[in-house]
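K.L.:
need coordinates for the following:
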Amino acid sequence: MNKYSFQTMLGFEQLYTNNKTINFYEKLFSSLDLSGVTEFPHKSEEPTKHEGRKPISRHNIFRSFLVMKTQRFAQVSQLIDYLENNIAVALVCGFEGGRIPGKDVFYDFLRDVPQSELENILTANTLAMLDLDLVDLKNLITDSTPIFANTKLNNPKYFTKNKFSKTNNPVASPNCRLGIHSASNDSNNKNYKFFWGYKDHILLDAKYGLPVFNLTMTADTHDVKAGEELVKQADSYIVFNNRVKNLICDKAYDSNPFYEFIKKTLGANVIAPLKSNSKTTLFNDSVPVCEAGLSMHRCGRIYRESGIRFKFSCPFRNSKSKSCPCNHPAFQKNVKYKGCIKYMCLKAANLRNCTDRDSPSFKSLYSKRSAIERYNARFKFMENEKAFLHSKKSISTIVSISHICSQLIAIVSAKNHALEFVRSLAGIKRVA
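P.N.:
Numbers count the residues shown, from 1 in each chain. Model prediction:
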């Protein structure tokens, strides 16, 4: 008899763990739907002559990783030490007699579990949050956050000339790619840094700032391409059914093909500012001219679904001159804005140009994008910024589990009538 079964037999497991901690994990796991995860996968369908040892349940391993994220452990070894010292938590996870498997079992789970099963859990949690009125899916936010690969090339104290060369791919993490991220939100003083790794692309609901879906890709994938794939996969699992009205994102997604893709796929509008280096020209140097042959000045616009209706006025509109080159009768009127007026309709204007970024509605919607910055901070708080694994598949799995953990915290808070803790891990631990 080992020490764990001896403690369990005597009922001493309660002495090693706080009752609030046990209650928290019981409520967390009761809100978790693992029906989409295969508990005992068969590696081969062919019958075998000899029966091996009893396999470890993937459901138990999955619950263990939720414990790892709620305790903010960066390594699997830390998780195993915690479970060995807190037998009650190990029993709640499903390990009989408190017997904790070796760390290779945990690494095999991260490598072998299908990503589709994790996406099924994300979808089930999203629908549960929809029933609890935690999300409404009307305004979604998307953004990406960097995940640094476990390689010496990301170490600032590793000095070599070509450590950020595309041809110098890390040996320990062959699947990672060279990317760039901004280390500052100041638009006037951007501090860009190169790194080897991946990017996690997240779809967030703007109501409470809760995750809906995620996709982990290499760091060299453009945000527009990753955003299209993210929305496509999210719609295939969740089926938005035209519930999404606006997709809020930063200027990295300011591309007309992305606007058209979102309009076609979700029927939603993209709320994104123009890029600082944008060279968009609406008229291709073909503006109306007045009767005197002078180019008129643009002085107003009206946004419509069919395009934009622009208003042009006389170039001498605000001048102190009292004469017009062609003696136009409208110029002689004693009004504040004098001169002739013409209109031009751009029915073929693309969706990117049809967005009125000076309107109060646009500014109000775009201000909701700060929710994803706060969520990224909580995501990094769970020790996700620096990968401790080398395989892209394993990193994608542990990142998805982090988002599932955030969803479950919100669901438990709503069920306990503690909406003030939907985004607070420490808060829901105290009241659970």
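K.L.:
does residue 214 count as helix, strand or coil?
P.N.:
At residue 214 the chain is in strand, as set by DSSP: H, G, I helix; E, B strand; the rest coil.
K.L.:
surely it touches residue 123?
P.N.:
No. Under the criterion of C-beta atoms under 8 Å, residue 214 lies out of contact with residue 123, with a separation of 11.6 Å. (Glycine included, C-beta is placed from N, CA and C.)
K.L.:
which of the two has more residues huddled nearby?
P.N.:
Regarding residue 214 and residue 123, a neighbour count based on other C-beta atoms under 10 Å identifies residue 214 as having more, with 23 against 19.
K.L.:
partner residues bridging the more buried one?
P.N.:
The partner list for residue 214 in beta bridges (DSSP bridges) reads residue 202.
K.L.:
in contact with it, which residues?
P.N.:
Taking C-beta atoms under 8 Å, 6 or more residues apart in numbering as the definition of contact, the neighbours of residue 214 are 122, 200, 201, 202, 203, 230, 399, 400, 403.
K.L.:
neighbours of residue 272, how many?
P.N.:
Other residues near residue 272 number 24, with proximity taken as other C-beta under 10 Å.
K.L.:
let me see the contact set for it.
P.N.:
For residue 272, the residues meeting the contact criterion (C-beta under 8 Å, 6+ apart) are 248, 249, 250, 251, 253, 254, 355, 366.
K.L.:
among these, which ones are in strands?
P.N.:
Judged by DSSP state E, the subset of these located in strands is residue 248.
K.L.:
least confident of the contacts of residue 272?
P.N.:
In terms of pLDDT, the weakest of the contacts of residue 272 is residue 355, which scores 77.
K.L.:
that residue: neighbour count?
P.N.:
By the measure other C-beta under 10 Å, the count of residues near residue 355 is 20.
K.L.:
next one: phi and psi at it?
P.N.:
Torsion angles at residue 355 (phi, psi; degrees, to the nearest 10) stand at phi -80, psi 120.
K.L.:
name the SS class of the nearest residue to it once chain neighbours are set aside, please.
P.N.:
The shortest distance from residue 355 to any residue that is not its chain neighbour, by C-beta to C-beta, 6 or more residues apart in numbering, is 7.0 Å, and that residue is residue 362. The three-state assignment at residue 362 reads helix, by three-state DSSP.
K.L.:
which stretches of the stretch 151-300 of the chain form helices?
P.N.:
All helices of the stretch 151-300 of the chain, identified by DSSP state H, counting those that start in this stretch, fall at 223-238, 256-265.
K.L.:
buried deepest among those helices, which one?
P.N.:
Counting by mean count of other C-beta atoms under 10 Å, helix 223-238 has the highest mean neighbour count of the helices of the stretch 151-300 of the chain, with a mean of 18.
K.L.:
now do that one, average pLDDT.
P.N.:
For helix 223-238, the mean confidence score works out to 95.
K.L.:
what does stretch 115-127 give?
P.N.:
For stretch 115-127, the per-residue pLDDT values average out at 95.
K.L.:
can you pull the pLDDT of residue 314?
P.N.:
79.
K.L.:
repeat for residue 337
P.N.:
pLDDT for residue 337: 60.
K.L.:
could you pull out the buried residues of the lengthiest helix in the chain?
P.N.:
Of all segments of type helix in the chain, defined using DSSP state H, the longest is helix 392-415. When burial is assessed from 16 or more other C-beta atoms under 10 Å, helix 392-415 yields the following buried residues: 392, 394-414.
K.L.:
and stretch 127-134, by the same measure?
P.N.:
By neighbour count, and taking 16+ other C-beta under 10 Å as the criterion, the buried residues in stretch 127-134 are 128, 129, 130, 134.
K.L.:
nearest to residue 172, of these?
P.N.:
Nearest to residue 172 among the buried residues of stretch 127-134 is residue 129, at 37.8 Å by C-beta to C-beta.
K.L.:
measure the closest one to residue 292 for me?
P.N.:
Using C-beta to C-beta, to the nearest Å, one gets 63 Å for the distance from residue 129 to residue 292.
K.L.:
wait, doesn't residue 259 sit right on residue 350?
P.N.:
Yes. Distance between residue 259 and residue 350: 7.1 Å, which falls inside the contact criterion (C-beta under 8 Å).
K.L.:
returning to that earlier point: C-terminal to the longest helix of the chain, what's the next element?
P.N.:
Per DSSP states H and E, helix 392-415 leads on to helix 425-431 as the next helix or strand towards the C-terminus.
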